[in-house]
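Asks: heads up, no residue letters with this:
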């Protein structure tokens, strides 16, 4: 291969090469994790402090604004946060913002069965699953202003009258909203709860971070947990390794691969354009 | 005049919209308990109307789907598949959602399919980033350098072995990134309010399902 | 912690300034949309390119794929619908096939009939109602990534000349923009997330940033007064900028006047 064609290849490589190499460098470490060290970002420390400051009996609205798809990116944060809440003996109400997400609480609680048993959690007394109750802004606004008028039963049609939810009337009665989101009803929660004064934390997918961070800085959110990496860091802080930490090796390799492609592309671009210029002269 | 025609009247639609707006907007700022109660009631009614609208929309989809199947149009079998699975899921739900066929479809079909589709996003992101970061000019070089540092920091291993990179990467996010984020929020919010006023004035007719020429 | 400067009876605490600003926006929009005001508005490349995109499709004899997002009735969706109305009019005028993939969320089911009405009206207004084909507005799915699968499939099968993706497209936006670019279509997008904007800027030919999308309806309007209402956005951005600078200076001097004023 001549210098010219090598540079051209580097500058204009087919995107399918990126797909193939990314697939290989991600699958390898997922099948055989290495356990490389990770650092913990200041945002995750702040998030950990926020969720760790809940007290026994605090009423927490645990919102899953994700489908199964996005759940994979933030499940480590969901499970690790839920574990902290259970260990603090809080009262947890799970609400979801997508019909598909009605299947997610089961996945979460199945991973935390021993913690639930160890802390004597009883459905109805200590936790309730509401199901798909946040389809649109009107529903969330209604939950914020007149909870009893909006919600009368859990996701399987059982009355919530005899549960801790009978004490909830407006946004003021929640001690914390822990939101896990791919972007569905989070803006509604922000408008009708957080901006009115309900403490709120958020764990979002990577593409949302830049749009959610200003709310942390302005004090509307207590803290933010960033994507899967944040979840892995939280697993590390809570001392319970899970899917997040397992994925971090692949995460690291994926990033390095991308950097290599960028370097190669730029070398090719520089070399090729220089050769083009020389040819022109 | 028929009832349907009266309800489709643009002026009436805009008047209803303006009334609903005032009933939610005013109590947010002005503390009058009676207004607040009315506003809360209206919001609950809206939530219910939304749910009913959804049923109507579903009904219309099924009707449309059946029509395509009957006419044997291109891809009719996909529509048939959609209608069959939709009906099946409703039937399955009656047998319980915690176990049984509904449960199986959710975890063995919907979950993996949804997850795989989402996973593909990473490939698109990677290929776009790899192709877009080219040092074409001064601005691109700045973008490339910043992106490179942030990407390097985002790899968890780098953070562990090169902690000195953290303040640099965070600096970019907390200054330039945050400023851009705030700009975006402010401008979009102002744009949305102005847009809302135009809607209330009946100027944004596309909201009502008509083009500007029709009004 | 900010403390309100004063409290006005009957007005909810901390909302007085918000109320005043809202009333001011109302007044200014009414002022600008009334009468015959001709105000200079900068060109928005993304919106100007729509005409070129549809024209290119007409020349090539290929379809245009346009979507208005996959959310419910949010301002992003409404802005997307305003742009769709324009695209549909241009398509009808030039006899170009317009494909509008719909769906993507449960709420999108409610928006779909409105989109259908908009496209139908555009064809009727252009005098070619028979060219309107309801099958070109397929409902792909109520699930985000099934919708994306369908959308990407349409792009690959029909190889459109242009893709115009506006409204509330979330993480799915990249899949669509990248596929569109791969099939060689002119790609015009708008991002509902700031992070999306960065990624879409790489994958698209033109991008609408921030308030450009909500302003589209007025910008594309033939009515100068309508276009003038966009000026209100600029006025408020100047107010925001003034508050930021003043707040920065004063807070560095240990005075929280701006913070307290905005909390009043």
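Replies: Arrived safely. Computed from a predicted structure; not experimentally measured.
Asks: Model confidence for the nearest residue to residue A:126 once chain neighbours are set aside, exactly?
Replies: Excluding the flanking residues, the one nearest residue A:126 by Cβ to Cβ, 6 or more residues apart in numbering or on different chains is residue A:91, at 5.9 Å. For glycine as for every other residue, the C-beta is placed from the backbone atoms N, C-alpha and C. Residue A:91 carries a pLDDT value of 98.
Asks: What ranges does the chain have for its helices?
Replies: All of this refers to chain A. A:3-11, A:15-31, A:42-52, A:68-87, A:104-111, A:113-118, A:137-145, A:147-150, A:186-192, A:209-217, A:227-238, A:243-280 (DSSP state H).
Asks: my bad, the chain I had in mind was chain B
Replies: Secondary structure of chain B (DSSP H): helices located at B:3-7, B:10-29, B:33-71, B:76-94, B:100-104, B:111-132, B:138-154, B:156-161, B:165-172, B:178-200.
Asks: what is the mean pLDDT for the fourth one?
Replies: The predicted model assigns helix B:76-94 a mean pLDDT of 91.
Asks: who in the stretch 51-200 of chain C is up against chain A?
Replies: The stretch 51-200 of chain C comes close to chain A at residues C:72, C:74, C:105-107, C:142-145, C:170-171, C:174, C:182, C:192-196, C:198-199, as judged by Cβ under 8 Å from any Cβ of the partner chain.
Asks: Between the helices of chain B, which one is closest to residue A:59.
Replies: Residue A:59 lies closest to helix B:33-71 among the helices of chain B, at 20.5 Å (Cβ to Cβ).
Asks: Tell me, how many residues neighbour the residue of chain B at minimum distance from chain C?
Replies: The nearest approach of chain B to chain C comes at residue B:191, 2.9 Å away (Cβ to the nearest Cβ). Residue B:191 has 24 neighbours, counted by other Cβ atoms under 10 Å in any protein chain shown.
Asks: Ok, the one 4 residues further on next?
Replies: Other residues near residue B:195 number 30, with proximity taken as other Cβ under 10 Å.
Asks: any idea of the pLDDT on it?
Replies: So residue B:195 comes in at 87 (pLDDT).
Asks: Which residue, other than its chain neighbours, is closest to residue A:29?
Replies: residue A:249 (3.7 Å).
Asks: Quick one: residues contacting residue B:166.
Replies: Counting by Cβ atoms under 8 Å, 6 or more residues apart in numbering or on different chains, residue B:166 touches A:39, A:41, B:153, B:159.
Asks: give me that answer again for 7 Å
Replies: B:153, B:159 (Cβ atoms under 7 Å, 6 or more residues apart in numbering or on different chains).
Asks: Next: residue C:171.
Replies: Counting by Cβ under 7 Å, 6+ apart, the residues that residue C:171 touches are A:182, A:205, A:207, B:121.
Asks: so which of these also contact chain C?
Replies: Near chain C, judged by Cβ under 7 Å from any Cβ of the partner chain, the entries from the contacts of residue C:171 are A:182, A:205, A:207, B:121.
Asks: Make JSON lines from those residues and add neighbour count and pLDDT to it.
Replies: Below are the ones next to chain C among the contacts of residue C:171 laid out as JSON lines (neighbours: other Cβ atoms under 10 Å in any protein chain shown; pLDDT from 0 to 100):
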{"residue": "A:182", "neighbour count": "25", "pLDDT": "90"}
{"residue": "A:205", "neighbour count": "27", "pLDDT": "92"}
{"residue": "A:207", "neighbour count": "26", "pLDDT": "84"}
{"residue": "B:121", "neighbour count": "23", "pLDDT": "87"}
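Asks: Whether stretch B:63-79 contacts chain C - can you check?
Replies: Yes - Stretch B:63-79 comes into contact with chain C (Cβ under 7 Å from any Cβ), by way of residue B:73.
Asks: who touches that stretch?
Replies: Outside stretch B:63-79, the residues touching it (Cβ under 7 Å, 6+ apart) are B:80, B:82-83, C:135.
Asks: same thing but 10 Å
Replies: Stretch B:63-79 is contacted from outside by B:61-62, B:80-84, B:86, C:112, C:116, C:134-135, C:137-140, C:150, using Cβ atoms under 10 Å, 6 or more residues apart in numbering or on different chains.
Asks: burial measure for residue C:21, as a count.
Replies: 16.
Asks: What residues does it make contact with?
Replies: Taking Cβ under 10 Å, 6+ apart as the test, what residue C:21 contacts is B:190, B:193, C:236, C:239-240, C:262.
Asks: Among those, which one has the most neighbours?
Replies: residue B:190 (24 neighbours).
Asks: Just the buried subset of the contacts of stretch B:63-79, please.
Replies: B:61, B:82-83, C:112, C:116, C:137-140, C:150 (16 or more other Cβ atoms under 10 Å in any protein chain shown).
Asks: what's the domain layout of chain B?
Replies: B:1-94, B:96-132, B:133-204 (automatic domain parsing).
Asks: Next one: the helix or strand of chain B with the lowest mean pLDDT, is it in contact with chain C?
Replies: The helix or strand of chain B with the poorest confidence is helix B:3-7; it has a mean of 77 (mean pLDDT, DSSP states H and E). No - using Cβ under 10 Å from any Cβ of the partner chain, helix B:3-7 stays clear of chain C, with a minimum separation of 14.0 Å.
Asks: Do you know the pLDDT at residue A:200?
Replies: Looking at residue A:200, the pLDDT reads 98.
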